[in-house]
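J.: Just need the structure, nothing else, for what follows:
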Amino acid sequence: MYNMIYSIFSKKPRLPTAIGLVLILGACGGSSSDDSDTPLLSDDRDNDGLTNQQEASLGTDPNSADTDNDRIWDGEEVNMFNTNPTLSDTDGDNMTDGADPQPALANVTPADPNSGLFVEYGVFTNNATGTSPVRITNTRFEENHLVYAPTTATEEPFLIYQTYIDDTNDDTLFNEGDLPGSAIAIMNTDGSRPRYLTDIDATTGMISNNDSVDATPEPSPDGKYIIFVSDRDNPGSFQLKLYVMEIDGENPTRVSYASNAPAADEIDADPFWGVDNRITFKRQRFSSGTPQFSRVYTATIDTATMMLHDVTERTSGSNLPLATANGPGDFDPKISPNGSFIASYRHLSDSVALFGDYDIWVGQYTDPAQPGSSSIVLLDQDTQVADLFPRWNITGNRLAAWQLDGLALSAGMDAIDIVVYDLNVQTSPFSITATKTNITPDNDGWFETMPSWNTDPGRADELVYSASRQF
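T.: All right, here's what the predicted structure looks like:
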């Protein structure tokens, strides 16, 4: 679902060993973190990745992991962002380092507020009824495709997400229109301490755009790996392939196929890693540049070889002559926590303003009628509303999604919100009904998208999502 909403608006670093122990993944610890921990280095009092001696040399506070309160830890400012840990705005462009898409370049500024293209971004948490919104980031670059790390991951809790470090289309915005400038990163669950897993120069350890799409990260349930898509073997081609890397960004490996590999004119994207190493993704063929029906596939992954086995076409359909760039078909399939079901959404028509009618469906992981349409159940068909990007909660009785109301958009109203489906699933025979609730306020000025549920059983009804607003 790339470049969709924005039409509305017109490796882990290779660090010195001692520092590297605490810089990359430790989401806990330090006075600016949302948790505390025992220092990993005896001479690093605040666990920020700098020794007390280094802090004295740099003029940083050895008792504060974030001396300048810019939400980036001192060690990462020095060893990843190339910014000054004693200045909250290193390049002097009136954006704090944590909010700045390129904090070390003074000539980089977002769109002029008077141009009508000035956009700010935020990440919010909320509950399943929408009564407890909390903004955790305030940036001039987008952070989306957010997902909580599994509770089995080392040093959890933290958030995994997709972000943008370069304005590749020169529109002065840093968002999903800049996929060649995309990167995968993690942050604390309070929105502090961002650090990058991709687009890191192997020699310097600094952020460096690899000119490739690195997108849609999804962790394995055991918390050891992240599956994502990239065109890094042919940067800028958008010939997306599936990759797996370790949860800390190490050892990115292109996925291989025991059988049924994609053809030369096909891409595999939108991957998800479910229970029992079940994988689901979308495969789409492009004929003379025109996207054909995007089909959901299922497979299992061998983590010793990162090879997909039992690659099976789960859904299919007709190649409708739809006008939008995405074409017809199914997108972003997600496996339920117990592995029994898949939720996805299907592009059915161009009836909804901007990009068309998408409706969420649920189907059993396998079905005798697959890949035909009779093997899925559409939850809420409405030709004037697009429901997108469903996510299961950890108990499997709810889906969160984001929706665009075409009629509201045409009327100049707040048209993009987060919704929650309460599900009633019957397995024999299979049937499903759903009650949908809008949990974000209408006309609050924010466009809220891409929700995901907390993986902590004690906070199972908490959501995180991306939002943007225009001035």
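J.: For the stretch 351-471 of the chain, give me the ranges with low pLDDT.
T.: Counting by pLDDT under 70, the stretch 351-471 of the chain contains no low-confidence range.
J.: make it 80
T.: For the stretch 351-471 of the chain, applying pLDDT under 80 flags the ranges 353-355, 412, 442-443, 471.
J.: Do you have the helices of it handy? List them.
T.: Using DSSP state H, counting those that start in this stretch, the helices of the stretch 351-471 of the chain run over 406-410.
J.: Also the chain?
T.: Using DSSP state H, the helices of the chain run over 17-23, 52-58, 74-76, 406-410.
J.: Show the average pLDDT along stretch 294-309.
T.: Mean pLDDT, stretch 294-309: 98.
J.: err, stretch 261-270, not the other one
T.: Rounded mean pLDDT across stretch 261-270 is 96.
J.: Can you give me the first-to-last residue distance of that stretch?
T.: 16 Å (Cα to Cα, to the nearest Å).
J.: what comes up buried for that stretch?
T.: Across stretch 261-270, burial judged by 16 or more other Cβ atoms under 10 Å covers Pro262, Ile267, Asp268, Ala269, Asp270. Every residue, glycine included, has its C-beta placed from N, CA and C.
J.: ditto for stretch 424-434
T.: By neighbour count on 16+ other Cβ under 10 Å, the buried set for stretch 424-434 is Val425, Phe430, Ile432, Ala434.
J.: Repeat that for stretch 170-177.
T.: For stretch 170-177, the neighbour count (16+ other Cβ under 10 Å) marks Thr172, Leu173, Phe174, Asn175, Glu176, Gly177 as buried.
J.: isn't the third one right up against Thr168?
T.: No - counting by Cβ atoms under 8 Å, Phe174 does not reach Thr168; the two are 9.3 Å apart.
J.: Nearest residue to the spatially most central residue of the chain in space, please, no chain neighbours.
T.: Residue closest to the average C-alpha location in the chain (Cα atoms, centre = their mean): His145, at 1.8 Å. Nearest residue to His145, sequence neighbours excluded (Cβ to Cβ, 6 or more residues apart in numbering): Gln162, at 4.1 Å.
J.: which ones are touching that neighbour?
T.: Gln162 makes contacts with Glu143, Asn144, His145, Ser182, Ala183, Ile184, Ala185, Asp214, Ala215, Thr216, Pro217, as judged by Cβ atoms under 8 Å, 6 or more residues apart in numbering.
J.: Would you mind measuring the gap between the ends of stretch 67-85?
T.: 6 Å.
J.: So which residues make contact with it?
T.: 13, 15, 19, 22-23, 30, 32, 46, 48-50, 55, 58, 60-61, 64-66, 86-91, 96-98, 103-104, 137, 191-196, 200, 205-207.
J.: and if we set it to 6 Å?
T.: Stretch 67-85 is contacted from outside by 13, 15, 23, 48-50, 60-61, 65-66, 86-88, 90, 96-98, 103-104, 192-193, 195, 205-206, using Cβ atoms under 6 Å, 6 or more residues apart in numbering.
J.: do the same with stretch 301-311
T.: Val244, Thr253, Val255, Ser256, Tyr257, Ala258, Asn260, Asn277, Ile279, Ala299, Thr300.
J.: my guess is the second one meets Val244, correct?
T.: Yes - contact between Thr253 and Val244 holds when scored by Cβ atoms under 6 Å: they sit 5.4 Å apart.
J.: Of these two, which one has the most company?
T.: Remark: of Thr253 and Val244, Val244 carries more neighbours, 21 against 13, as counted by other Cβ atoms under 10 Å.
J.: so who does the more buried one touch?
T.: By Cβ under 6 Å, 6+ apart, the contact set of Val244 is Tyr225, Ile227, Thr253, Met306.
J.: of the residues you listed, buried ones?
T.: By neighbour count, with 16+ other Cβ under 10 Å, the contacts of Val244 hold Tyr225, Ile227, Met306 as buried.
J.: For the last one, grab phi and psi.
T.: Dihedral angles phi and psi of Met306 (degrees, to the nearest 10) take the values phi 60, psi 40.
J.: Please report how far the closest residue in space to Ala323 that isn't next to it in sequence lies from Ala415.
T.: Nearest residue to Ala323, sequence neighbours excluded (Cβ to Cβ, 6+ apart): Asp350, at 5.2 Å. From Asp350 over to Ala415 the distance is 16 Å, taken as Cβ to Cβ, to the nearest Å.
J.: These two - which one has more neighbours?
T.: Neighbours around Asp350 and Ala415, counted as other Cβ under 10 Å, are more numerous at Ala415. The numbers are 23 against 16.
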